[in-house]
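> using only what follows, build the 3D model:
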Amino acid sequence: MNDVLRGGIRLLAEAGVPTPEADAAELLAHAWHIDRTNLSRRRLFDENVPADTTAEFARLCEQRRQRIPLQHLTGIAHFRHLELRVGPGVFVPRPETELLAGAALDELSAHHGDRRPFVIDLCSGSGAITLSVATEYDGVDVLGVEREADALEWARMNLEQRRLGDSSIEFIRGDATTFARERPELRGLADIVVTNPPYVPNAAIPRDPEVAEHDPSAALYGGDTGLEVPALIIDQATELLRVGGLFLMEHSEEQGAGVRELIAETASLNDAVTYQDYTGRDRFTAARRAQQ
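Below you'll find the predicted structure:
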């Protein structure tokens, strides 16, 4: 087994895959139809890998060598406590976005009102944030809004696999930049509006082939500066939030000041604060809806 795994690691490393050891182990476990814990045990005893498993592992490593995303090969993206189904047509959720979901959950945990809380997730993609909020907080209604049909289909597939307890989820097709106008009956009802919008500048092609060639462009590019789409979404959030409600937006490490400036230009969002990710880089900004 160890020779098989070392061969996969070497192939991926030579192709410039950033995490060859972890990716090779994940692919071998997937080819063997076992989990990583079971793989570690078998690796400890250097068990023989069946021939059909070795062939499937070689096929997967060759695809990964071509920089097809690991999550597209296994069909799974791990996000907080979830295993999400992902593939072509949907943005693969990133670990740093777990912090954005965590901030929404922290806000819900501080909720002591008699009202049942209501959360809107704009640009919901695979449903990572929507599903995390609804499965980790019992008794919340979450609306996931996604414009792209392929991504919406992935989100609905992920919803089918979840037990929600007393929470509820609805995924609907909608444009996050015009949503309050399209659904005026929702204005002033949301306790939280959370969004991981497209924020990459149009000319800034991502360095990693997994992102540039496989993540949908609609989930990446936010306009000439990257903040044109986020600015429109901020406007929608001001309409959707109730007084005292919290707005949460992910952005790049260079955009914290720009997002705070956009928020400062609104008539109703106050007290913008930017928070850092696991590496200490600016990653999302929060602000609260105040009386106009």
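> grab the nearest non-local neighbour of Arg43.
Of all residues not flanking Arg43 in the chain, Met1 sits nearest, at 5.8 Å (CB to CB, 6 or more residues apart in numbering). For glycine as for every other residue, the C-beta is placed from the backbone atoms N, C-alpha and C.
> what about the spatially most central residue of the chain, which SS state?
Central residue of the chain (CA atoms, centre = their mean): Pro93, 3.1 Å from the mean position. Reduced to three states with DSSP: H, G, I helix; E, B strand; the rest coil, the structure at Pro93 is coil.
> can you pull the phi/psi pair for the nearest residue to it once chain neighbours are set aside?
Spatial nearest neighbour of Pro93, chain neighbours left out: Ala128 (4.0 Å); criterion: CB to CB, 6+ apart. Reported as degrees, to the nearest 10, the phi and psi values for Ala128 are phi -60, psi -50.
> give me the neighbour count for Ala128.
If you count neighbours by other CB atoms under 10 Å, Ala128 ends up with 29.
> could you do Leu240 as well?
Leu240 has 24 neighbours, counted by other CB under 10 Å.
> cool, and His78?
Residues near His78, counting by other CB under 10 Å, number 14.
> how about the contacts made by the residue nearest to Pro93?
Contacts for Ala128 (CB atoms under 8 Å, 6 or more residues apart in numbering) come out as 77, 79-80, 82, 84, 93, 97, 101.
> again with Ala203
So Ala203 contacts Asp224 (CB under 8 Å, 6+ apart).
> you'd agree Thr135 is up against Ser168?
No - shown here, Thr135 and Ser168 do not form a contact pair, counting by CB atoms under 8 Å, at 11.4 Å.
> before we move on, the earlier item: what's near enough to touch the residue nearest to Arg43?
With contacts defined as CB under 8 Å, 6+ apart, the neighbours of Met1 are 42-43, 46-49.
> derive a ChimeraX selection command for the buried subset of those residues.
The buried residues among the contacts of Met1 can be selected in ChimeraX (16 or more other CB atoms under 10 Å) with this line:
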select :42,43,49
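> any idea which helix or strand carries Gly89?
Under DSSP states H and E, no helix or strand contains Gly89.
> number of nearby residues for the residue nearest to it when sequence neighbours are not counted?
Distances taken as CB to CB, 6+ apart put Asp150 closest to Gly89, at 3.0 Å, once the chain neighbours are dropped. If you count neighbours by other CB under 10 Å, Asp150 ends up with 14.
> how about whatever helix or strand Asp150 lives in, which residues are buried there?
Per DSSP H and E, Asp150 falls inside helix 149-160. Neighbour-count burial for helix 149-160, with 16+ other CB under 10 Å as criterion, is recorded at 151-152, 154-155, 157-159.
> determine the set of other helices and strands touching that helix.
Judged by 3 or more CB pairs under 8 Å, 6 or more residues apart in numbering; DSSP states H and E, the packing partners of helix 149-160 are strand 82-85, helix 128-136, strand 141-146, strand 168-173.
> sketch out the low-pLDDT regions of the stretch 101-250 of the chain for me.
112 (pLDDT under 70).
> what about the helices in it?
Here the stretch 101-250 of the chain has its helices, by DSSP state H, counting those that start in this stretch, at 128-136, 149-160, 179-182, 209-212, 228-240.
> in the one helix or strand Asp3 maps to, what counts as buried?
If you go by DSSP H and E, Asp3 is part of helix 2-14. For helix 2-14, the neighbour count (16+ other CB under 10 Å) marks 4-5, 8-9, 11-13 as buried.
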